[in-house]
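*Asks:* Structure of the sequence below:
(chains A, B, C and D)
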Amino acid sequence: MEAEEVGARLRERFPDVVVEPFPGTAGRIRFPAARLIELLTEVRDGLGFDHLGQVGAIDWVEERELFYTVWSDRAKQYLFLSTRIPAGEPHLESLTPVFPSANWHEREACELVGITFDHHPDLRPLLTPTGYQFHPLLRSFRLHEPEELEVKVRDV
Amino acid sequence: MWINMGPQHPMTHGLWNLRVKIDGELVLDVDPEMGYLHRGIEKISEDRHYNEIITLMDRTCYVAGMAWEHLFIQAAEHALHIQVPERAQWIRTMSEEFQRVASHLMWYAAFVQDIGLMSPFLYGMRDRDLVLDLFQSYTGGRLTYEYMRVGGVRNDLPPGFTDQARKVCDWLSDRFVEYDRLCLGSDIFHRRCDNLGVLKASECIRYGITGPMLRSAGVARDLRKDRPYAAYGQVDFEVAVADGADVTGRYLVRMEELRQSLRILRQTLDWLDRNAGPVMAENVPRWMGAPYAPVGREGYLLKREYPKGVGFSAIEEPHGEALAYVVNEGGEHPYRVKLKSPVFVNIAAARQYLVGYRVADIPPIMGSVDVCVGEVDR
Amino acid sequence: MAPLSLYGVSNSLVSTLLLHLAAVLPAPLSTLLSNGDLILLLSVLVFCGTLLGASLLNTILLIWFERKMLGRFMDRRGAMHVGYAGLLQNFADGLKLFRKHTFRPQDADPLGFFSAPTAYMVASIVMFGILPVSTGWSAGTLPLSLLLALVVFSFAPLFIFLGAWSSANKYSLIGGMRSAAQMIAYEVPILLAVVAVVLLSGSFDLTTIVNEQRNYWFWGPLFLALIVFVAGMLAEMERIPFDLPEAEAELVEGWNTEFGGMLFAFFMLADYARALVGSYLIVLLFLGGWTLPSWVPAPLTNFPLAGIFWFQVKTYLVFGVFIWIRASLPRVRTDQLLRVGWMRMIPLSLLSIVLAALVVLAKCLPVFGCLPSMGS
Amino acid sequence: MGSVSAAPTALRAATNAEMPLPMITEPAVSFVEIETLRAREFVPAAKEALGSMLSEQAQGKLIRPMFNWAGRNSLFPLHWGLACCAIEFAAAFGARWDAERFGVVPRSSPRQCDLLIVNGTVTWKVAHKLIALYEQMPEPKWVIAMGNCATGGGPFRTAYSVVPGVDKLVPVDVYIAGCPPRPEALLDGILRLEQLIKERKE
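*Replies:* Numbering: from 1, shown residues only, chains lettered A, B, ... in the order given. Take a look at the predicted model:
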């Protein structure tokens, strides 16, 4: 499956998405965040990309990008989807109704990049310690040499 | 009653916590708690040069370092538009397969300990050491290699390596017979493992599960076959599949994969004997990937600008499908590195294959999932 | 040669010592020393001390034996740097555990927590006083020593449950429950298997049972009972494949998770004492005890302490089989274990009783002549 | 405890020759009580005397070396895998290196351990659990920091979630360099710890 084919099959229902070629995959789809559930359902059922590979988030300072990788067993190919949401109000519909495996990916994106997923069943922090206040994968979060940190251990 | 299995528990084989709600011996609910080994590899990568990230990749999954190096290097080469010479591709293929053998042997050792077999644990560790010795002879490391470079591999194989490697392959294929006798030959093994931790193919796909867990459910899906990378398109092997979707099925798949890996290894060793050539690409800057080059500091002085680009790679890691996504915004560090670990997804679905079984079944089931916490927490 | 007996040796030792002392000491004291009661008391003390010391030494040797054997099965060497071939390793472990800080978890019940290991230890060691290791080397000939042995042997696990319950740990509790369930499930087949032995030998006295085996050992006619008994003993000793109460993979250390230092050492030592006692019982009931077949040349059976020597050799061989099983079998699950116990072992042991009865009947047929006496 | 303070006077009165002996039919203090009080006075004194004798004579020559010998020859490490080094830790107990030769047997429960081998990266999330495990181990206990991560953070030193060295959390006796250290290095570290225990004066 090529990018043109994917584009052709999506053009009728989703005129607002852009399909561009991406080497090594079936293409990359850029879509508005509001159409997430609709588009992913169509990609899963209509195009046959029924296996969610990953959900990742990137911080582009002014806005945040979410990208989804799905795999089709029939086409033996990956398909990339990405959307951008403003950094001021980083929230998005959760993908868990369509792909249950998005659960932990979204938890991770929430705590590391600071994106809130609406209607997510369980948005507790996954990797960072309880009560950790920062989103480490934001560009504004800088790493320190440990000497600058005051070392404190909680009493057990 | 909730009990914590972890972070210090013999079942975990790593640093994570499985909270289990039990009624007597019955498991009612589970809640995996990760992050005890979260080292921020993705964040550190943003501050590091490409070849410095290889160091981190080895430690991301400490039982499959070579596979993760391969994963990241492929994504980086994709992002930086670098072509890799053929011999380097074959050496990478060989390294990854040896890594698969080592990782599966480690899995075997840990898994049999979970069902209470004592001596095969040591047999697995002993035979794994032979593979690690091979790694040591051409990379210098046992677990962490820093062997692959952007554009190829660090150095060519030492003379006489292939003969030694063939000997190890022959020895191992003899040992696998004994392994099977110890496990499959035992009635207790079948009583313990048959119809245990069942996750059907449709559920596997719904929950995004890959690797031996998916193949044990009868889905013949292997990126080495479906989306061949490196030299996998030119070698002859079969995808190991089992039906049953249970612990025994996962055992059978992994043991068959070990045999297929030896088959691939023999082919790659033959190819490497016949063909010589460069192992490092021409168009890579010398400071970046040349053999024995001081890595990193020179690079900062040169301030080379890379073309902008996005790299994506997917490999069939011993645990399943691993994905890497590297964004390069023109600097000498990647802008963002996103790694997807197969174990991350497999553990996330723990509720699907643990609830309803007994407390005593948790170790074999989690053992058959083959948890490597390093790549889950990153 | 005259059979040596441990009690006789200690008796003559004490009386000789006292006699020499009496010769040296002035009159009023010497009459006191030659008192028969004092000699009896002292010789009993010496006897008990020797028996206890020898048994514990034997237990520690058994631990060493297991560690070395297990090492060999696993293609490694086991302890080898402390003493010759690691013989002193377990003494070092014991001394170290003795020095460790003894403590109690905050929520643990002090009475149960501290008394359970001690009681378990005592209950396991008492067995050594009951079981005869050779003719004349037991504490006494009780007419029902087999019953007493089984009672004491199955009594000890109660203290496991006590310790598990009082250490206020979930893993300990699960381990203790499993231990109790498995003890109860395997008590019954063991007793039934023993009934077969009793039928064939016609006596509850272990010495008599062994003497009955002078011509043929019981494992031949009672093979089923032997299988049931060995399986039951594996469960009683909590060894792989039936070591569920301390299943390391799921219950960290099982019922002894919270025990450290000397308390843990007690549990460990008592465990191996029970393993030794279990092997003793198998040898006594099925493998002819200290007797050897008649075709064995006389020099092999005639040297001093030959009975004890061959008894220990047999015991260690039996325990070697247990180690072999441990090295090569996976662990079963609780429900499977219980199902096997209730639904396979009990019918098998009943069958073995029937077989034993048939053998007894057959022995009385004139065709076979009158084989050894049918008890009293 | 009024009776305790009053009792010695009565006792001394009873043994004083000048005073008339109390009537046998009605003793001021019963025999059992006298014996108890005597024992109360005697036991601490005897304890002290014995203790001082032991500490001066035997402890230095016999008891301490004996216990040190026992302690250094049976180190039970905690069976706990943190990260990469845990794999090499496991390999050290495998057939090729076989740490059990030195009496090193991993136990899963901290109650039965006397050696905490920190074999991997320690994150802040696991820090207090590590301290809890350390405190659950009974005295005397030792800690080996295995590998660069446990020693000083290793390659993850700059990361936001990593403890830069486990000695910030628990006292460390032996550091082993390497990333990860080979099993030989771990065995060497254990032997060095044995040397430390041998020289212990406590």
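*Asks:* Run through chain D and note the low-pLDDT ranges.
*Replies:* Residues of chain D that meet the criterion pLDDT under 70 lie in D:1-32, D:34-35, D:38, D:53-61, D:201-202.
*Asks:* any idea where the helices of it begin and end?
*Replies:* D:2-15, D:31-53, D:64-73, D:84-92, D:124-136, D:147-152, D:183-198 (DSSP state H).
*Asks:* Any chance of these in JSON lines with mean neighbour count and distance to C:Phe266 as columns?
*Replies:* All C-beta spots, glycine's among them, are computed from the backbone N, C-alpha and C. Putting the helices of chain D into JSON lines (neighbours: other C-beta atoms under 10 Å in any protein chain shown; distance: least, C-beta to C-beta, whole Å) gives the following:
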{"stretch": "helix D:2-15", "mean neighbour count": "12", "distance to C:Phe266": "35"}
{"stretch": "helix D:31-53", "mean neighbour count": "11", "distance to C:Phe266": "25"}
{"stretch": "helix D:64-73", "mean neighbour count": "20", "distance to C:Phe266": "17"}
{"stretch": "helix D:84-92", "mean neighbour count": "26", "distance to C:Phe266": "29"}
{"stretch": "helix D:124-136", "mean neighbour count": "19", "distance to C:Phe266": "20"}
{"stretch": "helix D:147-152", "mean neighbour count": "25", "distance to C:Phe266": "34"}
{"stretch": "helix D:183-198", "mean neighbour count": "18", "distance to C:Phe266": "24"}
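*Asks:* With distance to chain B as extra columns, can I get those helices in CSV?
*Replies:* Output for these, formatted as CSV (distance: least, C-beta to the nearest C-beta, whole Å):
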stretch, distance to chain B
helix D:2-15, 48
helix D:31-53, 38
helix D:64-73, 22
helix D:84-92, 4
helix D:124-136, 4
helix D:147-152, 8
helix D:183-198, 9
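*Asks:* Quick check: which of those helices is nearest to chain A?
*Replies:* Closest approach to chain A among the helices of chain D (C-beta to the nearest C-beta): helix D:124-136, 4.0 Å.
*Asks:* What about the closest residue to chain B within chain A, how many residues nearby?
*Replies:* With C-beta to the nearest C-beta, the shortest gap between chain A and chain B falls at A:Ser101, namely 3.0 Å. A:Ser101 has 25 neighbouring residues, counting by other C-beta atoms under 10 Å in any protein chain shown.
*Asks:* Not counting sequence-adjacent ones, nearest residue to it?
*Replies:* Spatial nearest neighbour of A:Ser101, chain neighbours left out: B:Gly208 (3.0 Å); criterion: C-beta to C-beta, 6 or more residues apart in numbering or on different chains.
*Asks:* Could you report the separation of that neighbour from B:Arg224?
*Replies:* When C-beta to C-beta, to the nearest Å is applied, the distance between B:Gly208 and B:Arg224 equals 19 Å.
*Asks:* So for those two, which sits in the more crowded spot?
*Replies:* For B:Gly208 and B:Arg224, the more surrounded residue by other C-beta under 10 Å is B:Gly208, and the numbers stand at 31 against 21.
*Asks:* For the residue in the stretch 1-150 of chain C positioned nearest to chain D, list the residues it contacts.
*Replies:* Scanning the stretch 1-150 of chain C for the residue nearest chain D gives C:Leu95, at 3.3 Å (criterion: C-beta to the nearest C-beta). Each residue near C:Leu95 by C-beta atoms under 8 Å, 6 or more residues apart in numbering or on different chains is listed here: D:Met66, D:Phe67, D:Trp69, D:Ala70, D:Gly71.
*Asks:* And the pLDDT at it?
*Replies:* Predicted confidence (pLDDT) at C:Leu95: the value is 86.
*Asks:* Reformat the helices of chain D as TSV; add distance to B:Arg149.
*Replies:* Below are the helices of chain D laid out as TSV (distance: least, C-beta to C-beta, whole Å):
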stretch	distance to B:Arg149
helix D:2-15	82
helix D:31-53	67
helix D:64-73	45
helix D:84-92	21
helix D:124-136	33
helix D:147-152	22
helix D:183-198	27
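*Asks:* Could you say which one of these comes nearest to chain C?
*Replies:* Of these, the one closest to chain C (C-beta to the nearest C-beta) turns out to be helix D:64-73, at 3.3 Å.
*Asks:* and the closest residue to B:Lys43 other than its chain neighbours, how many neighbours does it have?
*Replies:* Computed as C-beta to C-beta, 6+ apart, the closest residue to B:Lys43 that is not its neighbour in sequence is A:Pro136, at 5.1 Å. In terms of burial, A:Pro136 registers 21 neighbours under the definition other C-beta under 10 Å.
*Asks:* wait, A:Pro136 sits on B:Glu46?
*Replies:* No. Contact criterion C-beta atoms under 8 Å: A:Pro136 and B:Glu46 do not qualify, at 10.1 Å.
*Asks:* now the closest residue to D:Gly103 other than its chain neighbours: how far from C:Val82?
*Replies:* With C-beta to C-beta, 6+ apart as the measure, D:Ser74 is the residue that lies nearest to D:Gly103, at 4.4 Å, once sequence neighbours are left out. Counting by C-beta to C-beta, the gap between D:Ser74 and C:Val82 amounts to 8 Å.
*Asks:* okay, and the common contacts of these two?
*Replies:* Shared between the contact lists of D:Ser74 and C:Val82 (criterion: C-beta under 8 Å, 6+ apart) are residues C:Gln89, C:Ala92, D:Gly103.
*Asks:* Let's have those residues in TSV, adding distance to B:Leu105 and neighbour count.
*Replies:* Written out in TSV, the entries for the shared contacts of D:Ser74 and C:Val82 read as follows (distance: C-beta to C-beta, whole Å; neighbours: other C-beta atoms under 10 Å in any protein chain shown):
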residue	distance to B:Leu105	neighbour count
C:Gln89	30	27
C:Ala92	33	23
D:Gly103	27	27
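*Asks:* which among the residues you listed gets closest to C:Ser328?
*Replies:* C:Gln89 (23.7 Å; C-beta to C-beta).
*Asks:* from what I can see the closest one touches C:Trp64, true?
*Replies:* Yes. Applying C-beta under 8 Å as the test, C:Gln89 and C:Trp64 come out as touching, 6.6 Å apart.
*Asks:* Spit out the residues that contact these two alike.
*Replies:* Counting by C-beta under 8 Å, 6+ apart, the shared contacts of C:Gln89 and C:Trp64 are C:Ala79.
*Asks:* mind listing what the most centrally placed residue in chain D touches?
*Replies:* Centroid-nearest residue in chain D: D:Pro140, 1.6 Å away (criterion: C-alpha atoms, centre = their mean). Residues counted as contacts of D:Pro140 (C-beta under 8 Å, 6+ apart) are C:Arg99, C:Lys100, C:His101, D:Gly71, D:Asp114.
*Asks:* okay, among those residues, which ones form the most distant pair?
*Replies:* Across those, the longest distance by C-beta to C-beta is 12.4 Å; it joins C:His101 and D:Gly71.
*Asks:* What distance do you get for C:Arg104 to C:Glu258?
*Replies:* Spatial separation of C:Arg104 from C:Glu258 under the definition C-beta to C-beta is 9 Å.
*Asks:* These two - which one has more neighbours?
*Replies:* For C:Arg104 against C:Glu258, the residue with the higher neighbour count under other C-beta under 10 Å is C:Glu258, and the figures read 28 against 17.
*Asks:* In three-state terms, label the more buried one for me.
*Replies:* coil (DSSP: H, G, I helix; E, B strand; the rest coil).
*Asks:* tell me the phi and psi of the closest residue in space to it that isn't next to it in sequence?
*Replies:* Of all residues beyond its chain neighbours, the one nearest C:Glu258 is C:Ser167 (3.8 Å), with distances taken as C-beta to C-beta, 6+ apart. Backbone torsions for C:Ser167, taken as degrees, to the nearest 10, come to phi -90, psi 0.
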